[in-house]
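Asks: no sequence on hand, only this structure:
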């Protein structure tokens, strides 16, 4: 009696070669991990770091172009003394001078205490970062907080003026998580709402959170450049609000 025929084994299909989509997804995930490494929380009091390289700071807290009766003098002195936005080399504060996007990133990074950025772990995803290490780290740090955005060419344009519109969105993106974590509630429209205008909502949040000093309550989120004086007042007020928020 003939032996039963044993069917030949069916070969297993070869594993599919990785597609461009898979490779791209892995790259994005790796990039996200690198970004997470620089997304450090902004903590109340961290900005009290005294910077030894703030050589432009005025020892007596006076500025050649700011009167003793200026309502914003306290904010300028605070920003200068803590190295957040020091006086200029000639002893002036230049409160009316426009701030660039790079200047804004640098001031906010210093405001948070200039946390270290692991540059060797961060992929080169932005095309026009400053060459100065401190300014470059500031821009990467803000990018890691999703508070600094690049355009379609992955450029952040650090030398362009920082508009009030973009500055209000940057400040909101950076400060809102810290205040929310401290139980500081706001009643403004949720920025994630589908019908929320990001510009209007960001400014409304700053206003509602008490982050706009009285002198700047009429501030409009438009294309007008933020000035050094306005930024000093905003960050001085933010320091007060963060310090007073519940831990």
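Replies: Nice, thanks for sending it over. In this text, all values refer to a predicted model and were calculated from it rather than measured experimentally.

Asks: list the buried residues of the helix or strand that contains residue 104.
Replies: Per DSSP states H and E: residue 104 is located in helix 101-111. Buried residues in helix 101-111, counting neighbours by 16 or more other C-beta atoms under 10 Å, are found at 101-111. Using the backbone N, CA and C atoms, a C-beta is placed for each residue, glycine as well.

Asks: and the next helix or strand past that helix?
Replies: Following helix 101-111 in sequence, per DSSP H and E, is helix 133-144.

Asks: that next one packs against which elements?
Replies: helix 20-38, helix 101-111 (3 or more C-beta pairs under 8 Å, 6 or more residues apart in numbering; DSSP states H and E).

Asks: let's see 10 Å
Replies: Packing partners of helix 133-144 (3 or more C-beta pairs under 10 Å, 6 or more residues apart in numbering; DSSP states H and E): helix 20-38, helix 101-111, helix 164-181.

Asks: angle of it against helix 101-111?
Replies: Put simply, helix 133-144 runs at 90 degrees to helix 101-111, going by axes from the mean of the first three to the mean of the last three C-alpha atoms, to 10 degrees.

Asks: picking that back up, what angle sits between the helix holding residue 104 and helix 164-181?
Replies: 20 degrees.

Asks: how many neighbours does residue 71 have?
Replies: Other residues within reach of residue 71, judged by other C-beta atoms under 10 Å, total 11.

Asks: so how far is residue 220 from it?
Replies: In this view, residue 71 and residue 220 are 20 Å apart by C-beta to C-beta, to the nearest Å.

Asks: now do residue 94
Replies: Distance from residue 94 to residue 220, by C-beta to C-beta: 22 Å.

Asks: so which of those two has more stuff around it?
Replies: Neighbour count, other C-beta under 10 Å: between residue 94 and residue 220, residue 94 has more, with 17 against 11.

Asks: could I get the contacting residues of the more buried one?
Replies: 63-66, 76, 87-88, 227-229 (C-beta atoms under 10 Å, 6 or more residues apart in numbering).

Asks: want to throw those residues into a markdown table with secondary structure, neighbour count and pLDDT?
Replies: A markdown table is the format used below for the contacts of residue 94 (DSSP: H, G, I helix; E, B strand; the rest coil; neighbours: other C-beta atoms under 10 Å; pLDDT from 0 to 100):
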| residue | secondary structure | neighbour count | pLDDT |
| --- | --- | --- | --- |
| 63 | strand | 22 | 95 |
| 64 | coil | 12 | 94 |
| 65 | coil | 14 | 96 |
| 66 | strand | 18 | 96 |
| 76 | helix | 25 | 97 |
| 87 | coil | 26 | 96 |
| 88 | coil | 16 | 95 |
| 227 | strand | 18 | 95 |
| 228 | helix | 21 | 97 |
| 229 | helix | 23 | 96 |
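
Asks: in the protein, where is pLDDT below threshold?
Replies: Along the chain, the model assigns pLDDT under 70 to residues 1-57, 59, 119-124, 182-200, 245-247.

Asks: burial measure for residue 91, as a count.
Replies: 13.

Asks: residues in contact with stretch 211-219?
Replies: Contacts to stretch 211-219, defined as C-beta under 10 Å, 6+ apart, come from residues 71-72, 75, 164, 167-168, 171-172, 175-176, 179, 203, 205-207, 226, 229-230, 233-238, 240-242.

Asks: let's go with 7 Å and repeat that
Replies: 71-72, 164, 175, 206, 230, 233-234, 237-238, 241 (C-beta atoms under 7 Å, 6 or more residues apart in numbering).

Asks: no more questions from me, cheers.
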